[in-house]
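Chemist: here you go, sequence then predicted model.
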Amino acid sequence: MRVIASLLLGYIFGSFPSGVLIGRWKGVDVRRYGSGRTGATNVLRTLDPGSAALVAGLDMLKGTLPVLLTWALFKPRSDWNDAAAGMGAVIGHTHSIFLRFKGGRGVLTTGGAMLPMNLPIPWLALVVAAVPIALTRYISLGSMIGVSSQALMALPLALTKRDSWAHFAYALASAAWVVAEHHDNLQRLLAGTERKVGQKVQIASTPAVQMPTSAGSSSLPAQVR
């Protein structure tokens with residue numbers, strides 16, 4: 001029961017629509033532009049670096065706080081509660097109950113939840129992610145490599161009993177979830193059409209008007225398609 005409660009607690013925290021709220025504060029619905037996602041990468045693409053940094057910090061907290069809260073709520077502390085709360089936060093971020101089960105891709109929330117489980121791992125994963133981003137300017141590629149590296153780093157720690165199998169299970173499951181959320185990025189990477197760092201999208205000066213469409217056509221802005 002405590003594991004289920006931890007999962008639900010994480011989901012509620014993860015569902016907090018930080019990217020959408022910051023976008024609205026700036027007068028832009030980030031879901032209508034770029035990738036249509038609500039994470040820091042699309043906020044950077046549609047708004048500005050300051051807004052993206054704020055969203056990045058909030059998205060990490062969405063992972064960290066529910067894990068820490070399980071420590072206070074459930075005694076004795078359990079690493080499986082950590083894993084459940086962290087995974088719930090990642091699922092909530094990618095499929096928020098407040099956004100009709102849409103959201104971001106979960107990269108920063110994944111790292112944020114890992115922070116209280118094993119502090120060095122997410123920071124090392126950040127370094128790992130930075131290398132392909134610097135070389136290719138593809139944030140999506142670096143993000144997938146970064147989250148996958150968390151599982152690779154957690155495995156030997158579990159094998160040598162320096163950390164728990166529960167924390168490794170979280171690192172592996174969250175990495176698989178985040179990579180799956182990047183399915184469209186993978187398609188664009190293979191096609192050579194993925195967006196690079198610094199590529200901005202044009203923000204409409206007036207709200208888009210929904211026009212009647214024929215069957216099979218889309219009424220979404222061109223940037224989201």
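Modeler: Done, it's in.
Chemist: what's the helix or strand hosting residue 22 in contact with?
Modeler: Element membership of residue 22 [criterion: DSSP states H and E] is helix 18-25. Here helix 18-25 makes contact (CB atoms under 8 Å, 6 or more residues apart in numbering) with 29-31, 37-40, 42-43, 46-47, 51, 54-55, 58-59, 62, 99, 104. From N, CA and C alone the C-beta is placed, and that goes for glycine too.
Chemist: where's the most centrally placed residue in the chain relative to residue 178, distance?
Modeler: The chain has residue 106 as the residue nearest its centroid, 1.6 Å off, counting by CA atoms, centre = their mean. Note on residue 106: its distance to residue 178, by CB to CB, to the nearest Å, is 5 Å.
Chemist: now the common contact residues for those two.
Modeler: 90, 94.
Chemist: give me the pLDDT value at residue 222.
Modeler: Residue 222 carries a pLDDT value of 37.
Chemist: same question for residue 213.
Modeler: Looking at residue 213, the pLDDT reads 40.
Chemist: can you check residue 195 too?
Modeler: Taking residue 195 on its own, its pLDDT is 86.
Chemist: how about the secondary structure of it?
Modeler: Here residue 195 is coil, with the state taken from DSSP: H, G, I helix; E, B strand; the rest coil.
Chemist: what sits closest to it if chain neighbours are left out?
Modeler: Nearest residue to residue 195 in three dimensions, chain neighbours excluded: residue 45, at 6.9 Å (CB to CB, 6 or more residues apart in numbering).
Chemist: just checking, what packs against the helix or strand following the helix holding residue 22?
Modeler: Remark: after helix 18-25, the chain's next helix or strand is helix 40-46, criterion DSSP H and E. When contacts are defined as 3 or more CB pairs under 8 Å, 6 or more residues apart in numbering; DSSP states H and E, helix 40-46 sits against helix 18-25, helix 49-73, helix 139-159.
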